[in-house]
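just a sequence and a predicted model for now, questions to come.
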Amino acid sequence: MIDIYYTYETVKSDDFILAVLAKYYNIRVDGLMKSVNGKPFILGRKVHFNLTHSKKMTALAVGKVKLGLDCESLDGKPRPAVLQRFSEREKAEISALSEFYAHWTARESFIKYNGESLAHCWRKVEYLGGGIVFCGEKQDVKITQFVFENYVFSLCCSDTKYALHAVKNLLQ
């Protein structure tokens, strides 16, 4: 089970991660380590987490397995410049704004799952037929997608079960 904590409060990313881990997992550390590409982690802990934000929402997925999470507001505007970066095969699957964001978040959740950077991996990833293709090879990862409060979410990990938890006043 992956727990996804979300808030609409203005919060700094690292502060939100540390507060959620302290309150719900009793993990207290002074700070987060960062991978070469900026993915936060805690050295020596068997907890995996990934943060995303879009418009006013900040969300954090936490679990016992490697994971990547991305969300985008469905209130966004079409982004032709980003669409042009999708492969022709992906473009053929996209006929609505919600499908565009589903493809975008699936790609980004996979890139975050691997701890890579968007700049380095964007053109190497495709989201086709509900699965991820990386460097031309189908990947053995699951993408779980859902819409919640007008945001599309993509969760990349081996666990397809998730629970959503609203967080308020966490840092007060």
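Thanks, I have it.

drop to CA atoms for contacts and neighbour counts, all remaining ones
Noted.

neighbouring contacts of the helix or strand containing Leu155?
Using DSSP states H and E, Leu155 falls within strand 151-157. Outside of strand 151-157, the residues within contact range by CA atoms under 8 Å, 6 or more residues apart in numbering are 65-74, 98, 101-102, 105-106, 109-110, 113, 141-147.

give me the subset of the residues you listed lying in helices.
Under the assignment DSSP state H, these contribute 98, 101-102, 105-106, 109-110, 113 to helices.

any weak-confidence spans in the protein?
Along the chain, the parts satisfying pLDDT under 70 run over 78, 117-120, 172.

quick check, central residue of the chain?
In the chain, the residue lying closest to the centroid (CA atoms, centre = their mean) is Leu69, at 1.7 Å.

was I right to think that one contacts Trp104?
No: counting by CA atoms under 8 Å, Leu69 sits too far from Trp104 to count as a contact (11.6 Å).

quick one on the thing from earlier: just the buried ones from the ones in helices among the contacts of strand 151-157?
98, 101-102, 105-106, 109-110, 113 (16 or more other CA atoms under 10 Å).

between these, which is closest to Pro40?
Tyr113 (11.7 Å; CA to CA).

excluding chain neighbours, give the residue nearest to the closest one in space.
Excluding the flanking residues, the one nearest Tyr113 by CA to CA, 6 or more residues apart in numbering is Gly68, at 3.9 Å.

any idea how many residues pack against the one you found?
Other residues lying near Gly68 total 29 when counted by other CA atoms under 10 Å.

Leu128 too?
Neighbours of Leu128 (other CA under 10 Å): 18.

for it, give me its contacts.
By CA under 8 Å, 6+ apart, Leu128 lies in contact with 89-90, 93.

looking at those, which are in helices?
Filtering those for helices - DSSP H - leaves 89-90, 93.

out of those, which are buried?
Among these, those buried by neighbour count (16+ other CA under 10 Å) are Glu90.

starting from the strand holding Leu155, tell me which strands it pairs with and how they run.
Here strand 151-157 is paired, per DSSP bridges, with strand 67-73 (antiparallel), strand 142-148 (antiparallel).

switch those strands over to CSV; also include distance to Thr160.
What follows is the strands paired with strand 151-157, written out as CSV (distance: least, CA to CA, whole Å):
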stretch, distance to Thr160
strand 67-73, 11
strand 142-148, 6
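
please identify the most buried of these.
Stretch with highest mean neighbour count among the strands paired with strand 151-157: strand 67-73 (a mean of 27; mean count of other CA atoms under 10 Å).

and it, how far out from the chain middle?
Centroid separation for strand 67-73 versus its chain: 3 Å, with CA atoms, centre = their mean, to the nearest Å.
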